[in-house]
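Enquirer: quick one, structure for this:
(4 chains)
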Number of protein chains: 2
Amino acid sequence: MENGFIALMRKLAPDLTDEMTRRAMILERISVMQPVGRRQLAARLNLPEREIRNTAVLLKELGYLELDASGMSLSAKAEEILESARDFSKAMNGLTESERKLSRLLGAERVLIAPGDCDADPQVLNDVGRICAGGLRNVLASGNTLAVTGGRTVAAVARSIQSSAPLNVMVVPARGGLGRNVELQANTLAEEIAGRLGGHYRLIHLPDHMDAAAMQEMLKMPEVSEAMELLERADVILHGIGTAQESMRNRQIGRNAQNRLMADGAVGESFGVFCDIQGNVLMESTGVGVDLARLKPTCRMIAAAAGASKAEAIISILRHTHHHLLVTDQGAAERMLRILERTEHADGE
Amino acid sequence: MENGFIALMRKLAPDLTDEMTRRAMILERISVMQPVGRRQLAARLNLPEREIRNTAVLLKELGYLELDASGMSLSAKAEEILESARDFSKAMNGLTESERKLSRLLGAERVLIAPGDCDADPQVLNDVGRICAGGLRNVLASGNTLAVTGGRTVAAVARSIQSSAPLNVMVVPARGGLGRNVELQANTLAEEIAGRLGGHYRLIHLPDHMDAAAMQEMLKMPEVSEAMELLERADVILHGIGTAQESMRNRQIGRNAQNRLMADGAVGESFGVFCDIQGNVLMESTGVGVDLARLKPTCRMIAAAAGASKAEAIISILRHTHHHLLVTDQGAAERMLRILERTEHADGE
DNA sequence: CCCATGAGGGCCGATTCTGTCCCGCCAGAT
DNA sequence: ATCTGGCGGGACAGAATCGGCCCTCATGGG
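Expert: You can find the predicted model right below:
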């Protein structure tokens, strides 16, 4: 057990534990949504408005909250305990333990889990983004090159990066253009992330999928080859993970190929690489983009993917490539653990 | 800080902290007084009866308490968390920290503090006794020789020793007879302790104070010399500590000597040795009894003394002799810390 | 300039909790 | 056998709290 005190509290005072978790959650939520009103917060936390109100008054009396016309905000005093509060609510949800288990089972240095399930509540994606943004910030050093993919999840990360002291990083898209929505393009996100980090960026104005001949032709353009060289020298790669089905639709893969992939047990995709649950590559889309085999060995991979439906996909991709950090949500984490522990036990017997 | 979560709880939920401390205290008290009724417990803890009642019902629902006609008792389940609960309430009272500080400042391996002040509430002495009895049990090994002094505090220790599996120990009084009250005589206590531990004992039927000539004579008696030899081979010594004033009265020291001792700054006494606050010996009563200088180097000293009024006395004796364990109460501990920290700061500047 | 929106705060009946008795009951002393 | 003291539990009035609802006000976009 992580902490004898929490164990005791759980046994001796489960009611108090709940109350305290509630306070910690409220504090944590406010830190993210501030300034925010009671009703919004109550809706977000599935708590009665009055509960929020009582706690708010109490926290105000303790000096952690400031109430004004615009809503509730944290006081300076609250910032000091915020991190502990987050740790606490995580430990209470058993997330700390899940993080450790997943870290071991998936072979990633670090796993971070946001409470909730993205499939059921899309707002959870914002939390995943925020947490991942923090993790990214920790990993990046001045002078680094960062490659990013597109997608909803990475977009959430980009949105959550706090602009602060400029960091000298070069951000490049890890793949060419894909799909229609501009906001989710790797190019767009590379620019936004670079902007928020205070670094520079290069874009790859090419479609994601190209045949070998066209590729050769394009590499003759200095603009393209420069970007490709940067890609190979990436220090950090931030990417999302798609389920095989989802990705096949987006990538406009032909019916035949789709059927074959499904028959082969494809579950996850990342960088145009489709894998089965064991992490075996089933298909690799040719074309412009990062080539995992040619990366620097020191390159650190960061994956962000949330929602129970992505559990198998995440497992497949993390088995395929060693990752430095995985940021996910409770829904995906719990399902992954069920899958992985079942397999582990089956192996053991 | 000992524990991040406790720190957080203190800051974020002082009310819940109190409530939990209350539960832990109640559990702890019941463990000592069981079976016990609401009103008695309430009186002992200075809490409203209703509070006890509510908590009792709650703890019963949690399965830690059993209520019957004879009163409240702990269930088997409660024993599992009792130790954690004790640690918790200690940490909450800041006693854990005080124990560590005192241990460092007094140079004793271990310091244990019972909540409360013996001067204000004589019942605290029982707790000191109980805690010390536990400590003593830990220290003793089969085949050991244990020397004990007399006094109220050691008597409380003797009373609190739980008889269980017999332990092969030899218990001897560390000094001869002293004062009038039979119950507090070293002899009496040696016998009681030996009985409860399941060991053997020898008595010293001599007055505490004798001149050298009489001493020589007495040593010729085999009964006496045997006891004295045992004394020198003691593995563990359990003793109380008296304030200089108190001890001068008990030991019937002459007016002149008393005045000289007071003038020299005598504050503490143990084994007939009077010390000033620095631990310097001011007077050593001749006669039958343990001679600190002739003890085995592996001999471990255990001191038990409680009540704020004994703070200086405890300091003086622990400075004089290295101790393995000191058991005291909050009142004495806090006063000792005030004295010691003042001195330490004065030295530092 | 105004009005819709979302903020905190006030209000009040219903409910829970508190403090205080008292009751019936059992154990141990008489 | 009887008595007595302390036990848990029940009863109950008054206090405090809760919970749902509404109000007023600041604010920012039209």
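
Enquirer: please make it C-alpha for all contacts and neighbour counts, starting now.
Expert: Will do.

Enquirer: show me what residue of the stretch 101-250 of chain A gets nearest to DNA strand D.
Expert: Residue nearest to DNA strand D within the stretch 101-250 of chain A (CA to the nearest atom of the strand): residue A:159, separated by 18.9 Å.

Enquirer: isn't that residue right next to residue A:129, touching?
Expert: Yes - using CA atoms under 8 Å, residue A:159 is in contact with residue A:129, at 7.5 Å.

Enquirer: how does chain A divide into domains?
Expert: The record's domain parsing of chain A by automatic domain parsing lists A:4-92, A:95-348.

Enquirer: so of those, which one's packed in deepest?
Expert: Sort these by mean neighbour count, taking mean count of other CA atoms under 10 Å in any protein chain shown, and domain A:95-348 sits at the top with a mean of 19.

Enquirer: thought residue A:307 was touching residue A:123?
Expert: No - the pair residue A:307 / residue A:123 is not scored as a contact, 11.1 Å apart, by CA under 8 Å.

Enquirer: need the per-residue pLDDT for residue A:228.
Expert: pLDDT for residue A:228: 79.

Enquirer: in which helix or strand does it reside?
Expert: Using DSSP states H and E, residue A:228 sits within helix A:222-232.

Enquirer: from the chain's centre, how far out does that helix sit?
Expert: Mean-position distance between helix A:222-232 and its chain equals 26 Å (CA atoms, centre = their mean, to the nearest Å).

Enquirer: ok, now which ones touch the residue of the stretch 151-300 of chain A at minimum distance from chain B?
Expert: For the stretch 151-300 of chain A, the residue closest to chain B is residue A:162, as judged by CA to the nearest CA, at 26.2 Å. Neighbouring residues of residue A:162 by CA atoms under 8 Å, 6 or more residues apart in numbering or on different chains: A:196-197.

Enquirer: part of a helix, is it?
Expert: No - counting by DSSP: H, G, I helix; E, B strand; the rest coil, residue A:162 is not found in a helix; it is coil.

Enquirer: could I get the host helix or strand of residue A:87 in CSV with only the CA atoms?
Expert: Element membership for residue A:87, per DSSP H and E: helix A:76-92. What follows is helix A:76-92, C-alpha atoms only, in CSV (Å, rounded to 0.1, in the frame of the first residue of the first chain):
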residue,chain,number,x,y,z
ALA,A,76,-2.2,32.1,-3.9
LYS,A,77,-2.4,29.9,-0.8
ALA,A,78,-4.2,27.3,-2.7
GLU,A,79,-1.5,26.9,-5.3
GLU,A,80,0.8,25.6,-2.6
ILE,A,81,-1.4,22.7,-1.8
LEU,A,82,-2.8,22.1,-5.2
GLU,A,83,-0.3,19.4,-6.2
SER,A,84,-0.8,17.5,-3.0
ALA,A,85,-4.5,17.7,-3.5
ARG,A,86,-4.2,16.3,-7.0
ASP,A,87,-2.0,13.5,-5.7
PHE,A,88,-4.6,12.8,-3.1
SER,A,89,-7.6,12.6,-5.3
LYS,A,90,-5.6,10.4,-7.7
ALA,A,91,-4.5,8.1,-4.9
MET,A,92,-8.1,7.9,-3.7
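
Enquirer: so which elements touch that helix?
Expert: helix A:14-33, helix A:95-106, helix B:4-12 (3 or more CA pairs under 8 Å, 6 or more residues apart in numbering or on different chains; DSSP states H and E).

Enquirer: what about residue A:249, distance to residue B:75?
Expert: 61 Å (CA to CA, to the nearest Å).

Enquirer: kindly report the same for residue A:271.
Expert: Going from residue A:271 to residue B:75 by CA to CA gives 59 Å.

Enquirer: cool, and residue A:126?
Expert: In terms of CA to CA, residue A:126 sits 47 Å off from residue B:75.

Enquirer: next one: residue A:136
Expert: According to CA to CA, residue A:136 stands 51 Å off from residue B:75.

Enquirer: show me the contacts for the residue nearest the centre of chain A.
Expert: For chain A, residue A:304 is the residue whose C-alpha lies nearest the centre (CA atoms, centre = their mean; 2.5 Å). Contacts were defined as CA under 8 Å, 6+ apart; by that measure residue A:304 touches A:128-129, A:132, A:153-154, A:238-241, A:326-328.

Enquirer: so of those, which ones are in strands?
Expert: By the criterion of DSSP state E, membership of the contacts of residue A:304 in strands covers A:238-240, A:326-328.

Enquirer: redo the residues you listed as a markdown table? Include pLDDT and distance to chain B.
Expert: Listed next are the ones in strands among the contacts of residue A:304 as a markdown table, based on pLDDT from 0 to 100; distance: CA to the nearest CA, whole Å:
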| residue | pLDDT | distance to chain B |
| --- | --- | --- |
| A:238 | 96 | 32 |
| A:239 | 95 | 34 |
| A:240 | 95 | 34 |
| A:326 | 97 | 26 |
| A:327 | 97 | 24 |
| A:328 | 97 | 25 |
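
Enquirer: ok, of the residues you listed, which one's closest to DNA strand C?
Expert: If you rank the ones in strands among the contacts of residue A:304 by distance to DNA strand C using CA to the nearest atom of the strand, residue A:328 comes first, at 27.5 Å.

Enquirer: what bridges to the closest one?
Expert: For residue A:328, the residues forming beta bridges with it (DSSP bridges) are residue A:113.

Enquirer: wait, isn't it in contact with residue A:302?
Expert: No - assessed by CA under 8 Å, residue A:328 is found out of contact with residue A:302, at 10.9 Å.

Enquirer: that older thread, pretty sure the residue of the stretch 101-250 of chain A closest to DNA strand D sits in a strand.
Expert: No - read with three-state DSSP, residue A:159 is helix and lies in no strand.

Enquirer: and it, what does it touch?
Expert: A:129, A:192-193.

Enquirer: again with residue A:85
Expert: Counting by CA under 8 Å, 6+ apart, residue A:85 has contacts A:24-25, A:27-28, B:8.

Enquirer: mind checking how far it is from DNA strand C?
Expert: Distance from residue A:85 to DNA strand C, counting by CA to the nearest atom of the strand, to the nearest Å: 20 Å.

Enquirer: same question for residue A:14.
Expert: Between residue A:14 and DNA strand C the computed distance is 15 Å (CA to the nearest atom of the strand).

Enquirer: and the gap between that residue and chain B?
Expert: Distance, residue A:14 to chain B, by CA to the nearest CA, to the nearest Å: 9 Å.

Enquirer: pLDDT score assigned to that residue?
Expert: On the pLDDT scale, residue A:14 is placed at 88.

Enquirer: please verify my assumption that residue A:267 contacts residue A:275.
Expert: Yes - if you go by CA under 8 Å, residue A:267 and residue A:275 touch, sitting 6.3 Å apart.

Enquirer: list residues touching both of those two?
Expert: By CA under 8 Å, 6+ apart, the residues touching both residue A:267 and residue A:275 are residue A:316.

Enquirer: residue A:111 looks like it's in a strand, true?
Expert: Yes - Residue A:111 sits within a strand when classified using three-state DSSP.

Enquirer: ok, back up a step: from the contacts of residue A:85, pick the one nearest DNA strand C.
Expert: The closest of these to DNA strand C turns out to be residue A:27 (CA to the nearest atom of the strand; 12.6 Å).

Enquirer: let me see the mean pLDDT of the helix holding residue A:87.
Expert: Per-residue pLDDT values across helix A:76-92 average out to 87.

Enquirer: so how far is that helix from its chain's centroid?
Expert: Centroid separation between helix A:76-92 and its chain, computed with CA atoms, centre = their mean, is 21 Å.

Enquirer: and the contacts of residue A:159 as a markdown table, adding pLDDT?
Expert: Shown next, in a markdown table, are the contacts of residue A:159 (pLDDT from 0 to 100):
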| residue | pLDDT |
| --- | --- |
| A:129 | 94 |
| A:192 | 92 |
| A:193 | 94 |
